[in-house]
Each structure stands twice: as C-alpha cells, then as structure tokens.
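> Take a look and give me a structure for this.
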Amino acid sequence: MLHGKLVALRALEKEDGEHIKEWLSDSDLIHAMGGRPIPIASVDPDKLAEMFRLRDGRVLAIVGKDRSLIGVLGVGNVHEFNRSASIIILIAERGEWNRGYGTDALRAAARFAFEELNLNSVEALIPTFNERALHVFQKAGFQIEGTLRERFFARGRYWDLVSLSALRGTWPGQDTTARATVAEPVTTAAPVEDLAPVGSTA
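Numbers count the residues shown, from 1 in each chain. Here you go, the predicted structure:
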C-alpha cells in the first residue's frame with residue numbers, strides 16, 4: 001500500500017468493481033478524463049489497466065482515511081529504456097472533491113514511480129477544459145510542457161490536450177508526502193476500445 005498524508009493507494013479488489021462500473025458510466029466524469037463512456041456489464045479490476053489503455057500498467061484504488069473507495073489512479077505505458085510512464089487519476093466521489101485528495105494521491109504515486117520503479121519521468125495529457133485536473137497536477141509538482149492542438153474529439157468538437165510531466169531530478173514534491181511502500185501490481189487484459197482516458201479528474 002502507498003501512503004500519502006490524506007489518502008492511501010492500494011491494490012484493487014473484486015468488491016471495487018461495482019463502484020468503478022458506476023463511475024465509468026458517468027458521462028461527465030469520463031469526459032473530464034478525456035474518455036468516452038460506454039455501457040459496461042461488469043468490471044474486472046484485473047483488467048482495468050488495459051481498459052484505460054495503460055500498457056504494462058497497474059491501477060490502484062484511492063481510499064480515504066476511513067478506507068472508503070473514492071477513486072482510482074493508474075500508472076502505465078512504461079518505457080524501460082527511457083524510464084518514463086503515463087499517469088491518470090480519477091477522484092470519482094464528488095463529495096470528496098476540493099479536499100486535496102487528488103494532489104496527495106499524485107504525490108504518493110510520483111514518489112512510487114521515482115523511488116520504487118526507478119523512473120525518470122511521469123507524464124499526463126489533460127483536456128484544456130479540465131481546469132480542476134490541471135490545477136491538481138501542477139499543485140502536485142507537475143509542469144506544463146506544451147499543448148497538443150485539437151487532439152481529442154468529444155461532444156461535437158475538437159479539444160486541445162495539455163502535456164504535463166514531473167521529472168525525478170527536479171520534482172518538488174519529494175518531501176511533501178509520507179514514504180510509500182510498494183503496492184501489489186494489478187495485471188492487465190482485455191481492452192475496451194472506446195474507453196481511452198488521457199488525463200484525469202481530481
């Protein structure tokens with residue numbers, strides 16, 4: 001389990017599937033992530049990473065201090081030679097927004113990526129309309145690298161994507177999160193083609 005100051009990240013459990021299925025059917029939540037909701041009969045936590053198109057990925061549950069599930073965070077698309085990876089995050093329980101949970105989860109995940117996975121960089125693509133996520137990533141120490149113009153089509157128009165990253169050598173959040181311990185990885189399997197989140201809502 002990875003421990004932050006406000007939240008913990010743990011391996012997904014089978015019981016989490018119903019919550020996640022409900023979240024993935026919420027068009028507003030998935031739109032904010034840069035994805036497209038589709039009807040899903042059931043969610044197998046072991047297959048969630050590939051549903052999010054995170055190659056070699058692991059998706060972790062974000063839980064509050066009371067151990068309740070409030071969202072998910074994924075790290076994947078690991079490039080071993082470049083020591084880079086992509087990250088996505090979803091704080092799905094709206095009652096838990098604006099409490100710092102997304103920032104805390106990202107800091108814990110970045111520490112895990114740099115210290116345990118020995119990565120040099122972690123990156124994310126955020127639709128420009130998701131100002132909440134852009135703020136959360138920057139608060140967690142990610143820096144804007146640039147804009148990919150009109151790379152995401154949703155709700156009848158094209159949107160720009162903002163590229164953000166954190167680098168191991170310059171990441172400022174190293175001393176702001178409690179030390180992490182390694183979480184159990186989640187294996188990946190069967191893709192769901194229309195669900196392809198590129199960023200986050202936190």
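
> Look through the protein and tell me its longest helix.
The longest helix of the chain (DSSP state H) is helix 101-111.

> Quick one: list the elements packing against it.
strand 2-3, strand 8-11, strand 58-63, strand 69-79, strand 84-91, helix 131-139 (3 or more Cβ pairs under 8 Å, 6 or more residues apart in numbering; DSSP states H and E). Placement of C-beta: from N, CA and C, glycine included.

> Each with direction, which strands does the second one pair with?
Here the strand partners of strand 8-11, with direction, are listed using DSSP bridges: strand 2-3 (antiparallel), strand 58-63 (antiparallel).

> pLDDT (mean, whole number) over that strand?
Strand 8-11 shows a mean pLDDT of 95.

> if we can go back for a sec, of the strands paired with strand 8-11, which is nearest V136?
Closest to V136 of these is strand 58-63 (Cβ to Cβ; 12.5 Å).

> Let me know the angle separating that closest one from strand 84-91.
Inter-element angle recorded for strand 58-63 and strand 84-91: 30 degrees (by axes from the mean of the first three to the mean of the last three Cα atoms, to 10 degrees).

> Taking helix 101-111 as reference, get the angle to strand 58-63.
Going by the same axes, to 10 degrees, strand 58-63 makes 140 degrees with helix 101-111.

> and V72, how many neighbours?
Residues lying near V72 (other Cβ atoms under 10 Å) number 26.

> Distance check, it against K47.
13 Å (Cβ to Cβ, to the nearest Å).

> rewinding a little: which one of the strands paired with strand 8-11 lies nearest to G156?
Here strand 58-63 is closest among the strands paired with strand 8-11 (Cβ to Cβ), at 29.7 Å.

> can I get the CA coordinates of that closest one in PDB?
Only the C-alpha atoms of strand 58-63 are listed here, as PDB (Å, rounded to 0.1, in the frame of the first residue of the first chain):
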ATOM      1  CA  ARG A  58      -1.200  -1.000 -12.700                       C
ATOM      2  CA  VAL A  59      -4.400   0.600 -11.500                       C
ATOM      3  CA  LEU A  60      -4.700   1.300  -7.800                       C
ATOM      4  CA  ALA A  61      -7.700   2.200  -5.600                       C
ATOM      5  CA  ILE A  62      -7.600   5.600  -3.900                       C
ATOM      6  CA  VAL A  63      -9.100   5.300  -0.400                       C
END
